[in-house]
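Novice: next one to model:
(2 chains)
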Amino acid sequence: MGQVPEIEPELRRLMLAGLGGDAVAYRQLLADLNPRLRRYFVRRLTGALAAEASDLVQDTLIAIHTKRLTYDPTQRFTVWVFAIARYKFIDLCRRHRLRVTIPLDEELALFAVNAEPGITARIDVADLLDTIPQKPRELIRQTRIEGATIAEAAASLGMSETAAKVSIHRGLKALAARISGAGHE
Amino acid sequence: MSDDRLANPDAFLDSLAADLRPTPRSALRRRLLAGLGIGMVIAAVLMIPWLGLRADLAGAVSGPIFWVKFGYTLVSAVAGYIAVNRLARPGGHDRRAVAIAALALLIAGAAGLVQWFGAPPEAQRALVLGGSALVCPLYIVALSLPVFTATILVMRRLAPTRLTQAGAAAGLLAGSAGALVYSLHCGENGLPFLALWYTTGIALVTALGALTGRWLLRW
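Specialist: As a prediction, this is how the structure comes out:
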């Protein structure tokens, strides 16, 4: 079952209190899980599925809530949450007829503390990218984040390489403007 | 982030927390047992006018064979219940259930073989085939359907993540419960019959669950 995440005792305590009817502890638990789930899904959903991350976070939180009676207090809480998140992720891929390979032991992907800064940076980039139009956004995501060549990215969107270059250039300029604009506020 | 719910994630979390009700540890077990109980009552209510109780039931309960059949199906049902209880939970799996079911089958199979080898050749055929070998598994499948349906309906509202295994577990529980109800009708007395045809009936329902689990149990 891998290493026990550091946060396990704390989350488990909140969950047990929640199951006992303590809404404050339960609310705190959900508030802790929410950003973790968001990071987890944002990192896994790229390309056409990137827009689904937020819905998936909500679905997972609803499942955690409505299916809380399936938590067995003799088992690890983080394993339980991770199994629900993973099921929701696989179910989404199945609905979109995607074949994915999911490493088996990823509980720490959801609950590791040391992984957070890098992931947060990635979310910031994702949020920022969402502010520019779809075509340059997709091109930049593919070429600058996922490491595709400009030719590959252009082909995936059915555009010429020259048009793609221009679009990326404009998109990066827009992003730069957003960042410096945000900096002056 | 244009979505309303996302514009205000706090309100969403608040709404979940506001919906919180105390959840006793026994909540899951109670649902499963309620489904099992209702399913078995329906199976018995269907069977009594359809097949009837065995005519010699009052006498049979004082002999060992009735209780061997009862015990075999009961142990198998317990294995199914343990498996369902684990597989209805996210990430759950349980090898104990498989071990119990395998052990029960092994004992029944060994007992059947001992009785078969110990019997005179002219009696062996009757020990294996009895008078109802071909219909026995089919009756067991039919009588298991109420428990199967009830268990699937309960499990859909829980959170199985290994759907094929969870379906097989539901099938093992339902098949064994159906066989237990059927044993109140069945007048066969051969241990080889029990090991072969009861097991076939239970295995058919288990296979049905394994094949349909990934569709029936999606949530």
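Novice: which bits of chain B sit near chain A?
Specialist: Contact residues (Cβ under 8 Å from any Cβ of the partner chain) of chain B with chain A: B:1, B:3, B:5-6, B:9, B:12-14, B:16-23, B:25, B:27-28, B:31, B:88-92, B:157-159, B:161, B:218-219. Glycine gets a C-beta too; all of them are placed from N, C-alpha and C.
Novice: quick check: A:Leu110 touching A:Phe82?
Specialist: Yes: the pair A:Leu110 and A:Phe82 passes the contact test of Cβ atoms under 8 Å, sitting 5.1 Å apart.
Novice: is chain B contacted by stretch A:60-68?
Specialist: Yes: Stretch A:60-68 is in contact with chain B by Cβ under 8 Å from any Cβ, via A:61-63, A:65, A:67-68.
Novice: chain center to that stretch: distance?
Specialist: Offset of stretch A:60-68 from its chain centre (Cα atoms, centre = their mean, to the nearest Å): 18 Å.
Novice: in helices, which of the residues of stretch A:60-68 next to chain B fall?
Specialist: Counting by DSSP state H, the residues of stretch A:60-68 next to chain B place A:61-63, A:65 in helices.
Novice: chain B: which of the residues you listed is nearest?
Specialist: A:His65 (4.7 Å; Cβ to the nearest Cβ).
Novice: give me the number of residues near the closest one?
Specialist: Look at A:His65: counted by other Cβ atoms under 10 Å in any protein chain shown, it has 17 neighbours.
Novice: ok, now which ones touch it?
Specialist: Taking Cβ atoms under 8 Å, 6 or more residues apart in numbering or on different chains as the contact definition, A:His65 lies against A:30, B:16, B:19-20.
Novice: any of these buried? List them.
Specialist: Among the contacts of A:His65, the ones that count as buried by 16 or more other Cβ atoms under 10 Å in any protein chain shown are A:30, B:16, B:20.
Novice: report pLDDT for the residue nearest the centre of chain B.
Specialist: Nearest to the mean C-alpha position of chain B, counting by Cα atoms, centre = their mean, stands B:Leu173 at 1.6 Å. Looking at B:Leu173, its pLDDT is 98.
Novice: would you mind listing what in chain A touches chain B?
Specialist: Residues of chain A lying close to chain B by Cβ under 8 Å from any Cβ are A:18-21, A:23, A:26-27, A:30-31, A:34, A:54, A:58, A:61-63, A:65, A:67-73, A:75, A:79-80, A:82-84, A:86-87, A:91, A:127, A:130.
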